[in-house]
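**Student:** when you get a sec, could you give me coordinates for this:
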Amino acid sequence: MASKVTLSQALGTDGSDYNHRQKIATHYQVSATNKSRLKYCIFFHYLLFFVMLAKLSADILDHLDIFIWEIEELQVPQPLWWEYIWCISLSLSFFALSAIKKNRIKTLQKYMIGIILLGYGPLGYAIMYYFKDVWTYLTVGKSDDIHLWQSLPYGVLWYAFILLASQVHCFSLYFSWNLLVAWRTRGVKRMD
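**Tutor:** Here you go, the predicted model:
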């Protein structure tokens with residue numbers, strides 16, 4: 001449907017001949033989409049961090065000599081070193097947010113390497129550590145051989161956390177990779 005011709009338009013045209021100029025380059029679209037998605041992944045990483053912090057709160061309060069009866073009644077098991085190392089992975093989000101803000105490839109690469117080491121490393125250790133309990137629970141059911149917390153299998157609870165955390169890390173790496181590809185494409189086109 002043709003629009004009304006105005007004085008600012010050339011005669012014989014309805015203005016639709018400029019539609020080709022309205023398109024955004026694909027690497028800018030990819031960059032904007034993946035920046036938004038990576039921010040969501042970082043948000044979910046923060047949520048998982050607060051879940052882990054709630055689990056670690058009993059141990060942290062013990063080290064600070066603070067006694068809260070309600071937390072002590074929960075009888076939360078002592079944390080392992082991998083839980084604290086995984087918590088450090090949250091600090092990597094600052095690398096990602098900084099890289100997103102200024103399209104810095106090197107900073108985003110540091111984030112990706114850190115997620116592999118500090119995110120997946122501790123989770124891999126936890127998978128191996130709790131495998132025996134989870135396997136026993138899945139094959140035999142509740143028995144005296146597995147560790148229970150509040151009458152729930154402790155290893156299975158950790159496997160649920162590991163599943164969620166590994167998905168968040170996987171998507172974070174995927175969106176980061178897409179950003180790297182888009183930013184490198186932009187740099188190549190700029191040089192041409």
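**Student:** please enumerate the strands of this protein.
**Tutor:** Listed in chain order, the strands of the chain (DSSP state E) span 148-149, 152-153.
**Student:** mean pLDDT for those: which is lowest?
**Tutor:** Of all the strands of the chain, the minimum mean pLDDT falls on strand 148-149 (a mean of 68).
**Student:** burial measure for residue 144, as a count.
**Tutor:** Neighbours of residue 144 under the rule other Cβ atoms under 10 Å: 5. For every residue, glycine as well, the C-beta is placed using N, CA and C.
**Student:** can you pull the pLDDT of it?
**Tutor:** At residue 144, pLDDT is 71.
**Student:** now do residue 188
**Tutor:** pLDDT at residue 188 comes out at 49.
**Student:** so where's this structure shaky on pLDDT?
**Tutor:** 1-27, 63, 66-74, 148-149, 186-192 (pLDDT under 70).
**Student:** tally up the residues packed near residue 38, please.
**Tutor:** For residue 38, the neighbour count with other Cβ under 10 Å is 25.
**Student:** so what's residue 120 closest to, chain neighbours aside?
**Tutor:** Distances taken as Cβ to Cβ, 6 or more residues apart in numbering place residue 169 nearest to residue 120, at 6.0 Å, with adjacent residues excluded.
**Student:** same question but for residue 171, I mixed them up
**Tutor:** That would be residue 41: by Cβ to Cβ, 6+ apart, it lies 5.1 Å from residue 171.
**Student:** return the residues in contact with the one you found.
**Tutor:** Going by Cβ atoms under 8 Å, 6 or more residues apart in numbering, residue 41 touches 168, 171, 172, 175.
**Student:** can you do 10 Å?
**Tutor:** By Cβ atoms under 10 Å, 6 or more residues apart in numbering, residue 41 lies in contact with 93, 96, 115, 167-176.
**Student:** how near is the residue nearest to residue 87 when sequence neighbours are not counted to residue 36?
**Tutor:** Closest residue to residue 87 in three dimensions, ignoring its sequence neighbours and counting by Cβ to Cβ, 6+ apart: residue 52, at 5.7 Å. From residue 52 across to residue 36, the span is 25 Å (Cβ to Cβ, to the nearest Å).
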